[in-house]
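Asks: Just a sequence and a predicted model for now, questions to come.
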Amino acid sequence: MVTPVTSLGRSGLYDWFVQRASAVILLAYFLFVGWTLVCGVDYEAWDALFSQTWMRVFSLLALVSLCAHAWVGLWAVFTDYLTERMLGAAGNALRLLAEAVSAIIMFTYFVWGIQILWGL
Amino acid sequence: MAALRTISFDGVIVGGGGAGLRASLQMAQSGFKTAVISKVFPTRSHTVSAQGGITCAIASSDPDDDWRWHMYDTVKGADYIGDQDAIEYMCSVGPEAIYELEHMGLPFSRTEEGRIYQRPFGGQSKNYGKGGQAARTCAAADRTGHALLHTLYQGNIKNQTVFLNEWYATDLVKNQDGAVVGVIAICIETGETVYVKSKATVLATGGAGRIYASTTNAHINTGDGIGMALRAGFPVQDIEMWQFHPTGIAGAGTLVTEGCRGEGGYLINKDGERFMERYAPNAKDLAGRDVVARSMVKEILEGRGCGPNGDYVYLKLDHLGEEVLESRLPGICELSRTFAHVDPTKEPVPVVPTCHYMMGGIPTNVHGQALNVDQNGEDAIIPGLYACGEVACVSVHGANRLGGNSLLDLVVFGRASGLFIEKALREGIELRDASETDLEQAMSRLDKVNNSSGGEKAGDLRKELQNTMQNYFGVFRNGPLMQQGIVKLADLRARIENAELSDKSMVFNTARIEVLELQNLLEVAEATAITAEERKESRGAHARDDFDSRDDENWLCHSVYFAPDKRVSKRGVNFEPKTVETFQPTIRSY
Amino acid sequence: MLQVSIYRYNPETDAEPYMQDVQVDTGGKDLMVLDVMELIKAEDATVVYRRSCREGVCGSDGVNMNGINGLACVTPLSKAVRKNKLVLRPLPGLPVIRDLVVDMSLFYAQYEKVQPYLQNHTPAPAIERLQTPEEREKLDGLYECILCACCSTACPSFWWNPERFIGPAGLLQAYRFLADTRDTATEERLARLDDPFSVFRCHGIQNCVNVCPKGLNPTRAIGHIRSMLLSRAT
C-alpha cells in the first residue's frame, strides 16, 4: 500500500514504535531532570552534572528522541490536515513546506543541542 | 427513441443475493465476463436475513445421516408436489456445495470434533420418518444467511466479478425468436437507462413477500423477476404457494428463526399450554411450517391467543438458559429486545404467522434453464433465460418449504445454473441480436412510467394491495372471499398502471424505482390470487376452508399461470428420481 | 408532533444542501427512525434514503441522527430524539449523492483492499476444514459486520484520509481473516498492512466502538493487528 517517502521509518510499525520508545525516553529524562530541579540545584552542581559523559549521552538521547517524536507526530498532523483533500491543490505544496520548515527547525535545535552539551 | 447505451457480457445475473452470487461466482471462476446487476449493494440482499441455517446431510451431528432421508423429508414437506428429480439433485449434491462454502471461509459454528454444527429443524427425520427427529441444519450461530452472503460476495471479489451495484433491471429483452438476450436496466445513481446485453440472463431476484401487509421480507422483496417474466409472456408455477412462517414477531413482522424451536423452544397459548402437542403429537413444535402456522391461527381464532387482543401466541425460550441463548441465538435475543421489547432469557416472545417465502416461481429444470409450456402441454426451454433461488421453481419446495432448505436451494441451484451456463458458453451460444423494435418493446413500461402524469400515490396503492392480499389470501383461504379479492386486484391494476410519479429527476430517484416495484408486486399478487382460487384443494401452505383436503386425483400437479390471458394450466410433477425409488404420496402427518 | 429536520440535496436542482423542517405525527408511538423516514417519504416522495431489511442486518440505512451515526431501522425515537427534535443527516465524511444517500465507493474500496476472503494454499479436504469451537470463537465479534459504514464515517482519521487509512470496518475484516485458523496468508496480509497509513492512522479515538450498531469493537481488532505486526517484526 502507500509508503510515503517523508515518513520517518517508511513503516507504520517502525514509526509507531519510535513514537512510543521516544516517549518513554523523554518521560524518563524529564522526570530525572525535574526531580533534580525539585531537590534544589545550584550552578556548580548543574554544571558538574552536565560535565559527566553519561549525562551528556542521556541528554543527547533525549534530544534525538524529541526530534524523532516531533517528526512522527507533526508528520501525522500534516498528512491529516495539510492535504489535497482538505486544501485542494495547494495542500501538497503547503505540506511539503511545513515539513521542510519543521525539519530545519529540528535540525537547528539538534545541532545547537550538541554544541551546548559538548561545549563545541 | 433516444439511442440506448449497450454493454455486453457473457453472462448477466439479475440479483445479488445468495443464488445470484453463487451463480456469478461459478461463471467468474471460469473466466467468463460476468456481471451482477443488483438494486442494492449485494450484502444488503435479503439472504442476509436468513438466520437458522442450511439443511444438508453432511453427517456431522449424526455420522449415519443420509441425503436420502433429507430427500424423503423434503418430498413429504412439499406435500408431494416437489419434483423428485430436483429434490434428489439438491439433497445429493448439497454436501459438496456446503463444503465449498466452508472452504471459501464461511464461519460455521463448530462441534467439539471440529466439524460443522448442525441443529434440529422442523420436518426433519432420520430413516425416512421412522427414526425420530434429525439435526441436519448447518448453522453459523443464528446468522447463517449473513455469513453465507458475505462469504459469497467475498468470493466474487476474489474472482473479479463485475458488479453493477444499485442498478435496477426493469424488463427482459426478447429477440424475434423469443429468446432472452439481456435486460433493460437503470443505473440508480445517475438515472441512465442501459441495455445490458448477454448470452445468458439469470434471474435471481428473490421473493416477493412484500405483496403481504405482514411479512418477514425486506422492503426490496418485490418480485421483480416474476414481474419481468410474466410481462415477457413466460409463465410462473405454483405461485399460490406462500409460506407463512410461524414465528414472526407480532406487530413488527421480523423473523425469529425456527432454530429457536430446534434448540428446544416451544409455543404456548394464553393458558400456558404447549398446544402443538395436540396438533402434531410426534414432531410437536417441529412439524412442517404450514402445520404449525395453521395450528397457531386456530388457537388464536378459538380465543386462546395471548395479549390484550388475543392476536398472537408466545414462543417460550427462557427455559433454555441465558448461556445457550446468547451463544446459539444471539441475533434472536437482539431482535426480540429491539422489536418485541422482551428479553427472551426472561420472558416469552409474542409471535404470529407471517408471510415468509414464495414456494412458486419461474419453472426451471435442474440446470436453471427457464421453462415455458407449449400448446401441447410440453416443456419448452426458453433460450437465454435462467432462474435460480427463490424466484425460481425447480421445484424443490412444492407446496411447503422445509426450514433450512431455502439456503440449500439457492446455493445448489445457483451453482448448477453457473455450471450449465459455463458449459454452454464454452460450446458457444449464438442468439440473434435484439432489433430496435425488440428494445422498444422492452422499454415500453419504463417509458410509460417516465411519461406518466396524475395518478394515485404509489405508497397508498401499495398499502391497499398488501392489505388485500393479507385479508383475502392469507393462511386460510376460501373461494368466495378469494373471488372478491380478485375483483379488488383487477381494480387495483388499472390504478397501479397509472400510479403517480411526480418526481422525474434522474439522480438516485427511488420514487421511480418504487413505482416500478409496485407494478411487479401487482403481477405477483394477481398471479397468486388467480391461481389460488383455481387450485380447489388444500395442500401444503395452500389451505382452503371450502376444499379442506388434499385432492391427489385432480391436483397432484403444478399449477402454471400465464399472465397475458390470466390462464391457469397444469404441469406434471416429476416422480422419477434417478438413483432412488420414487416416494409415493401418502397421508402427511407429523 | 415530532420536529424533524432533514438534510436535503438534489444535485439536479439544488445549488447547495439545505435543512428542511418537517412535522411528523408519530401517534405517540416510540417508532423507529426508519418508520419516521417512511412517513416523510409517503408525503414527499422526493426524499431519498437507502433501506432494505428494516431489522438491522443489511446495513443499508446508516444515517446520522442528532449527531450520532446509527441504523435508522433499529434506533427507536426514544433513543435518538432530543427535546422533541430529530436532525437527520447523511453519514459524515463521504460525498453526498442525494439527500441521505452517500457515495460509499471509498468505503468499499478500503474493504476490498484487505483481501476480505479466505486464503488457504493447502489442498482442501473432502469434507470441511476442521476448526475447534475455541478457534471458531475467535471470529465472534468480527464476522458479524454488516458494512453499514457507521464506524468508518464516525472516525476522524477516516475523514482525513479515506483513500489511505483502511478505517475501522475494513480493519475489523482484516483481523477477521488474520484470526481465522483456516487462513494461511497471515504473513502476506501483515506485510500489506505495515505502512504508516493503513493501520497506524488509528489513534484509538474509539468513535467506531461507540456507534457500531452490532456492538462490535474495531479498536480492539486494530490493537490485535498491531500486536501481530509487532511480534512479526521483533
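Replies: All right, it came through fine.

Asks: For whichever residue of the stretch 351-500 of chain B sits closest to chain A, which residues are in contact?
Replies: Nearest to chain A, among the residues of the stretch 351-500 of chain B, is B:Gly418, at 32.9 Å (C-beta to the nearest C-beta). C-beta: built from backbone N, CA, C; applies to glycine. B:Gly418 is in contact with B:Arg22, B:Ala23, B:Ser24, B:Leu25, B:Gln26, B:Met27, counting by C-beta atoms under 8 Å, 6 or more residues apart in numbering or on different chains.

Asks: nearest to chain C, of the residues you listed?
Replies: Using C-beta to the nearest C-beta, the contacts of B:Gly418 come closest to chain C at B:Leu25, 10.9 Å.

Asks: my guess is the closest one meets B:Gly155, correct?
Replies: Yes - in terms of C-beta atoms under 8 Å, B:Leu25 counts as a neighbour of B:Gly155; the distance is 4.9 Å.

Asks: Distance-wise, check the residue positioned nearest the centre of chain C relative to chain B.
Replies: Taking C-alpha atoms, centre = their mean, the centroid of chain C lies closest to C:Ala149, which sits 2.1 Å from it. For C:Ala149, the distance to chain B equals 10 Å [C-beta to the nearest C-beta, to the nearest Å].

Asks: what about that residue, which SS state?
Replies: Classification of C:Ala149 using DSSP: H, G, I helix; E, B strand; the rest coil returns coil.

Asks: pLDDT value on it, please?
Replies: According to the prediction, C:Ala149 has pLDDT 98.

Asks: Now it: closest residue in space that isn't a chain neighbour?
Replies: C:Phe107 (4.9 Å; C-beta to C-beta, 6 or more residues apart in numbering or on different chains).

Asks: so that neighbour makes contact with C:Gly93?
Replies: No - contact criterion C-beta under 8 Å: C:Phe107 and C:Gly93 do not qualify, at 9.3 Å.

Asks: Next, give phi and psi for the residue in the stretch 251-400 of chain B positioned nearest to chain C.
Replies: Shortest the stretch 251-400 of chain B-to-chain C distance, computed as C-beta to the nearest C-beta: residue-wise this is B:Thr254, at 4.5 Å. B:Thr254 adopts backbone torsions of phi -70, psi 150, taken as degrees, to the nearest 10.

Asks: Could you list which residues are in contact with the nearest residue to it once chain neighbours are set aside?
Replies: Using C-beta to C-beta, 6+ apart and skipping residues adjacent in sequence, the residue nearest B:Thr254 is C:Glu55, 4.5 Å away. Contact analysis of C:Glu55 by C-beta under 8 Å, 6+ apart lists B:Ser49, B:Ala252, B:Thr254, B:Leu255, B:Leu335, B:Thr338, B:Phe339, C:Cys73, C:Val74.

Asks: A:Ser22: which of those is nearest?
Replies: Nearest to A:Ser22 out of the contacts of C:Glu55 is C:Val74 (C-beta to C-beta; 44.6 Å).

Asks: number of nearby residues for the spatially closest residue to that closest one that is not a sequence neighbour?
Replies: Counting by C-beta to C-beta, 6+ apart, C:Val74 lies nearest to C:Gly56, which is 3.8 Å off, once chain neighbours are set aside. When neighbours are counted by other C-beta atoms under 10 Å in any protein chain shown, C:Gly56 registers 26.

Asks: any idea of the pLDDT on C:Gly56?
Replies: On the pLDDT scale, C:Gly56 is placed at 96.

Asks: Likewise for the one 3 residues further on?
Replies: Listed pLDDT for C:Gly59 reads 97.

Asks: so where is the chain shaky, pLDDT-wise?
Replies: Defaulting to chain A. A:1-3, A:120 (pLDDT under 70).

Asks: should've been chain B
Replies: When residues are selected by pLDDT under 70, those of chain B lie in B:1-2.

Asks: on that earlier part again, let me see the backbone angles for the residue nearest to the centre of chain C.
Replies: Dihedral angles (degrees, to the nearest 10) for C:Ala149: phi 80, psi 10.

Asks: pretty sure it contacts C:Leu91?
Replies: Yes - counting by C-beta under 8 Å, C:Ala149 does reach C:Leu91; the two are 5.9 Å apart.

Asks: At the contact with chain A, which residues of chain C appear?
Replies: Residues of chain C lying near chain A by C-beta under 8 Å from any C-beta of the partner chain: C:113, C:157, C:160-164, C:192-201, C:226, C:229-230, C:233.

Asks: Just the buried ones from those residues?
Replies: Neighbour-count burial (16 or more other C-beta atoms under 10 Å in any protein chain shown) applied to these gives C:113, C:157, C:160-162, C:164, C:192-201, C:226, C:229.

Asks: Return the residues in contact with the closest residue to B:Glu166 other than its chain neighbours.
Replies: Nearest residue to B:Glu166 in three dimensions, chain neighbours excluded: B:Ile188, at 4.5 Å (C-beta to C-beta, 6+ apart). By C-beta under 8 Å, 6+ apart, B:Ile188 lies in contact with B:Lys39, B:Glu166, B:Trp167, B:Tyr168, B:Phe508, B:Asn509, B:Thr510, B:Ile513.

Asks: my guess is the last one is in a helix, correct?
Replies: When you say that, I think you mean B:Ile513. Yes - counting by three-state DSSP, B:Ile513 is part of a helix.

Asks: That one: what's it in contact with?
Replies: Taking C-beta under 8 Å, 6+ apart, we find B:Ile513 in contact with B:Lys39, B:Tyr168, B:Ile186, B:Ile188.

Asks: Any part of the host helix or strand of C:Glu188 near chain B?
Replies: Assigned by DSSP states H and E, C:Glu188 belongs to helix C:186-193. No - Helix C:186-193 does not reach chain B (C-beta under 8 Å from any C-beta); its nearest approach is 13.4 Å.

Asks: gap between B:Val507 and B:Ala28?
Replies: In this view, B:Val507 and B:Ala28 are 30 Å apart by C-beta to C-beta, to the nearest Å.

Asks: actually C:Leu171, not the one I wrote
Replies: Where B:Ala28 is concerned, C:Leu171 sits at a distance of 27 Å (C-beta to C-beta).

Asks: Compare those two (neighbour count), which wins?
Replies: C:Leu171 (30 against 27).

Asks: what's around the closest residue to that one other than its chain neighbours, how many residues?
Replies: Distance criterion C-beta to C-beta, 6+ apart; nearest residue to C:Leu171, sequence neighbours excluded, is C:Ile222 at 5.1 Å. Look at C:Ile222: counted by other C-beta under 10 Å, it has 23 neighbours.

Asks: what helices or strands is the helix or strand containing C:Ile222 leaning on?
Replies: Here C:Ile222 sits within helix C:218-233, counting by DSSP H and E. In terms of contacts (3 or more C-beta pairs under 8 Å, 6 or more residues apart in numbering or on different chains; DSSP states H and E), helix C:218-233 is packed against helix A:12-38, helix C:167-178, helix C:186-193, helix C:207-211.

Asks: Which of those helices sits closest to B:Thr364?
Replies: Once the helices and strands packed on helix C:218-233 are compared by C-beta to C-beta, helix C:167-178 is nearest, at 34.8 Å.

Asks: Keeping just the C-alphas, turn the closest one into PDB.
Replies: Only the C-alpha atoms of helix C:167-178 are listed here, as PDB (Å, rounded to 0.1, in the frame of the first residue of the first chain):
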ATOM      1  CA  GLY C 167     -10.800   2.500   8.500                       C
ATOM      2  CA  PRO C 168     -12.400   0.600  11.300                       C
ATOM      3  CA  ALA C 169     -14.700  -1.500   9.200                       C
ATOM      4  CA  GLY C 170     -12.000  -2.700   6.800                       C
ATOM      5  CA  LEU C 171      -9.600  -3.400   9.600                       C
ATOM      6  CA  LEU C 172     -12.200  -5.400  11.500                       C
ATOM      7  CA  GLN C 173     -12.400  -7.600   8.400                       C
ATOM      8  CA  ALA C 174      -8.600  -7.700   8.000                       C
ATOM      9  CA  TYR C 175      -8.400  -9.100  11.500                       C
ATOM     10  CA  ARG C 176     -11.300 -11.500  10.900                       C
ATOM     11  CA  PHE C 177      -9.100 -13.300   8.300                       C
ATOM     12  CA  LEU C 178      -5.900 -12.900  10.300                       C
END
